[in-house]
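Novice: Quick check, what structure comes out for this input:
(one chain, ligands or ions: 1)
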Amino acid sequence: MYTVVRRMLLWMARSPQWQRVILALPPARRVARRFVAGERLEDALAVIRMLNLQGMHATLDYLGENVTSEAVARSAADAYVDALMAIHREGLHSGVSVKLTHLGLDLDEAIAYENLHRIVACAAEVGRFVRIDMESSAYVGRTLALYRRIRETFDNVGVVVQSYLYRTPRDVASLIEAGIADVRLVKGAYDEPPSLAWQERRQIREAFYALLRQLWEPAARAKGSRVAVASHDDAIIHYTCTTARRVGIAPDAFEFQFLYGVRRERARALVAAGYRMRVYVPYGTHWYPYFMRRLAERPANLAFFLRAVAMTAQEG
Ligand SMILES: Cc1cc2nc3c(=O)[nH]c(=O)nc-3n(C[C@H](O)[C@H](O)[C@H](O)COP(=O)(O)OP(=O)(O)OC[C@H]3O[C@@H](n4cnc5c(N)ncnc54)[C@H](O)[C@@H]3O)c2cc1C
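Specialist: Numbers count the residues shown, from 1 in each chain. Presented below is the predicted three-dimensional model:
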């Protein structure tokens, strides 16, 4: 049942028709605010200030994906440059996360690369880090290729790898070999077929553990591999802490990453225990697909949203 609902929500996340329906529901924006810092850069900066005060770092995501115009892709890069300058001016502990389809990957690789280059160059100037998010399997090869290319010039940039994909151990091996395995490790948030990806939660978790071990092998670490463990799953957090202790990696030599609005208490507890925590802070008006992926991750989120819709309908 959970799998069917998840697949349906992920399909709806890509549907313009459903986007119109959901955005017309009065509580949608209010419920989305749980996961999105706000529509303006100032909203996101205020959240980052608060996180920094709590001992957490951030990575800022200007929401948008699959853009179909070069001008929109360019203005997304402009927004990232503005955000990086504001982060620098305010001395905030934050980098940025980008999606290559927001920077024009569906239009032309050259456009996406040019926009990415501008953002990473600006981040390098102000001493900040850029993480390239990983999107659905159709983009993985091109995302890794552009990552390799940008790493020829810059080292303040990393990428994301997804444990649900069968290909990921090979991708990680080749990043390690090239000495550029600076990765955020996630389970994966898209609807992928059994021909490409593990479907069972247990299998996806096992694959996650295997990737963590691969990235933390002595030979990989000697080649500079760095890992951010991005999961709210207690089993994964526990496995990460015990494995780090077993292989002699100090709590401040890697980081955990959580999404804004998810398991805040757990994040605070990890910081109190001496671990590094970075929170992914999205902002902007294009929150629909991001919001739908968050609903798909947890049935309770969907139930909460449907209750809010029902209550508004009753009041109306
Ligand atoms: C910082 C960060 C960056 C990410 N970047 C990418 C990316 O670039 N590409 C990509 O494909 N995926 C990305 N993801 C999403 C990831 O792939 C998973 O879909 C997501 O993290 C849910 O899996 P989980 O490991 O947290 O475990 P789950 O088993 O899904 O969740 C474990 C527990 O965490 C809590 N939880 C998890 N998700 C939610 C939620 N939405 N709302 C409320 N509670 C929740 C619940 O208590 C749940 O029981 C990212 C995740 C994080 C944390």
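Novice: how about stretch 86-101: buried residues?
Specialist: Neighbour-count burial for stretch 86-101, with 16 or more other C-beta atoms under 10 Å as criterion, is recorded at 86-88, 92, 94-101. Just so you know, the C-beta spots here come from the backbone N, C-alpha and C atoms, and that holds for glycine as well.
Novice: Any part of that stretch near the ligand?
Specialist: No. Using C-beta under 6 Å from any ligand atom, stretch 86-101 never reaches the ligand; the gap is at least 7.2 Å.
Novice: quick thing: my sequence starts at 30, can you match it?
Specialist: All set: I'll call the first residue 30, so the last point we hit is now stretch 115-130.
Novice: what's that stretch in contact with?
Specialist: Under the criterion C-beta atoms under 8 Å, 6 or more residues apart in numbering, residues 70, 74, 77-78, 81, 86-91, 93-96, 109, 112-113, 141, 145, 148, 152, 155-162, 164, 168, 171-172, 175, 309-310 lie in contact with stretch 115-130.
Novice: how far does stretch 298-309 stretch from start to finish?
Specialist: Start-to-end span of stretch 298-309 (C-alpha to C-alpha, to the nearest Å) is 17 Å.
Novice: Can you point out the buried residues in it?
Specialist: 299-300, 304-309.
Novice: Next: stretch 61-80.
Specialist: 61, 64-68, 70, 72-74, 76-77, 80.
Novice: closest to the ligand among those residues?
Specialist: Here the nearest of the buried residues of stretch 61-80 to the ligand, counting by C-beta to the nearest ligand atom, is residue 64; it sits at 6.9 Å.
Novice: Next one: the spatially closest residue to the closest one that is not a sequence neighbour from residue 276, what distance?
Specialist: Nearest residue to residue 64 in three dimensions, chain neighbours excluded: residue 290, at 4.3 Å (C-beta to C-beta, 6 or more residues apart in numbering). Distance check for residue 290 against residue 276: by C-beta to C-beta, to the nearest Å, it reads 32 Å.
Novice: These two: who's more crowded?
Specialist: The neighbour comparison of residue 290 against residue 276 (other C-beta atoms under 10 Å) goes to residue 290, with 19 against 13.
Novice: and that one, that one's in a helix?
Specialist: No. Counting by DSSP: H, G, I helix; E, B strand; the rest coil, residue 290 is not found in a helix; it is coil.
Novice: In contact with it: list those residues for me.
Specialist: Residue 290 neighbours (C-beta under 8 Å, 6+ apart): 63-65, 323.
Novice: And for residue 148?
Specialist: Here residue 148 is in contact with 106, 109-110, 113, 125, 127, 132, 159 (C-beta under 8 Å, 6+ apart).
Novice: circling back to that earlier point, make CSV out of the buried residues of stretch 61-80 and add pLDDT and distance to residue 329.
Specialist: Listed next are these as CSV, based on pLDDT from 0 to 100; distance: C-beta to C-beta, whole Å:
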residue, pLDDT, distance to residue 329
61, 88, 16
64, 94, 13
65, 95, 18
66, 96, 21
67, 94, 23
68, 93, 25
70, 98, 30
72, 97, 25
73, 98, 25
74, 98, 30
76, 98, 23
77, 98, 27
80, 98, 24
